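Chemist: let's see this in three dimensions:
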Amino acid sequence: MEQIKEQGKMLEKFKKWFLISSAGIAVLLLVTVFILAWTISRSKTKPSPTPSIERATLSEKAQKIKKEVTQTDKESGDLILLDNDNLAIKYLISNKQFLVEIKKAPFEKGKKEAEEWFMGKGFTREDLCLLRINFGAQRTIKPSLSNSDMFPSGCPIPSP
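Modeler: Predicted coordinates for the structure are as follows:
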C-alpha cells in the first residue's frame with residue numbers, strides 16, 4: 001500500500017512537472033512564432049528607395065520669359081494671353097499650364113501659329129516641351145485628337 005501511495009505521489013509530481021514544462025515550451029514557441037512573424041512583416045513593409053527621376057527644367061532665360069508672359073496679380077483663374085479668330089492661348093494660373101484652343105481649321109495651321117507665338121516671345125522649341133502646353137479644339141475643327149496633337153510638335157508625349 002505504501003508503495004502505491006509512493007507511486008501516486010511520484011505520478012502527481014511527474015504530472016505537475018510535465019504540465020509546467022509543457023506550458024513553458026508552449027509559451028516559448030508562441031513567443032518565437034510572434035518574433036518571427038513580426039520580423040518577417042517588418043522586412044516586407046520596408047519601403048524600397050524611390051529611384052530619382054531627373055526631370056528637365058526650364059532654363060533661367062525661359063523662366064524669366066514665362067514670368068514676364070504670365071505676369072498677373074490674380075492668384076487663380078485664367079489669364080488670356082492671345083485671343084484671335086484662329087486660336088486662343090490661356091494660362092491656367094492654379095496649375096501653371098498653358099491651354100491653346102484652336103478655333104479654325106485646319107488644326108495643324110493653328111497649332112503652328114501658336115507654337116510660333118511662343119517662340120516669338122523668346123522660347124526655344126525645347127522650352128515648348130517643358131512649358132506644360134496643351135492643345136485642343138472643338139470636334140468640328142478636329143474630330144479626333146491624337147496624343148501628338150495635344151502637345152507641342154516634336155515633344156515626347158508624357159506618360160499618364
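Chemist: just checking, what packs against the worst-scoring helix or strand of the chain on mean pLDDT?
Modeler: The weakest-scoring helix or strand in the chain, judged by mean pLDDT, DSSP states H and E, is helix 2-45 (a mean of 71). Contact here means 3 or more CB pairs under 8 Å, 6 or more residues apart in numbering; DSSP states H and E; on that basis helix 2-45 packs against no helix or strand. To be clear about C-beta, it is placed using only N, CA and C from the backbone, and glycine gets the same treatment.
Chemist: the closest residue in space to C155 that isn't next to it in sequence: helix or strand, and which one exactly?
Modeler: Of all residues not flanking C155 in the chain, C129 sits nearest, at 3.7 Å (CB to CB, 6 or more residues apart in numbering). Applying DSSP states H and E as the criterion places C129 in helix 125-130.
Chemist: quick one: that helix to chain centroid distance?
Modeler: Taking CA atoms, centre = their mean, to the nearest Å, one finds the center of helix 125-130 at 22 Å from the center of the full chain.
Chemist: in that helix, what counts as buried?
Modeler: Across helix 125-130, burial judged by 16 or more other CB atoms under 10 Å covers D127, L128, C129, L130.
Chemist: adding distance to K74 and pLDDT, write those residues out as CSV.
Modeler: What follows is those, written out as CSV (distance: CB to CB, whole Å; pLDDT from 0 to 100):
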residue, distance to K74, pLDDT
D127, 23, 95
L128, 24, 95
C129, 26, 93
L130, 23, 94
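Chemist: among those residues, which one sits closest to A114?
Modeler: L128 (9.5 Å; CB to CB).
Chemist: so the residue nearest to that closest one when sequence neighbours are not counted, which state does it fall into?
Modeler: The shortest distance from L128 to any non-neighbouring residue, by CB to CB, 6+ apart, is to P152 (4.0 Å). With DSSP: H, G, I helix; E, B strand; the rest coil as the basis, P152 sits in coil.
Chemist: cool, and F135?
Modeler: Of the three states, F135 takes strand under three-state DSSP.
Chemist: bridged to it, which residues?
Modeler: V100 (DSSP bridges).
Chemist: would you check that it makes contact with K111?
Modeler: Yes - counting by CB atoms under 8 Å, F135 does reach K111; the two are 5.6 Å apart.
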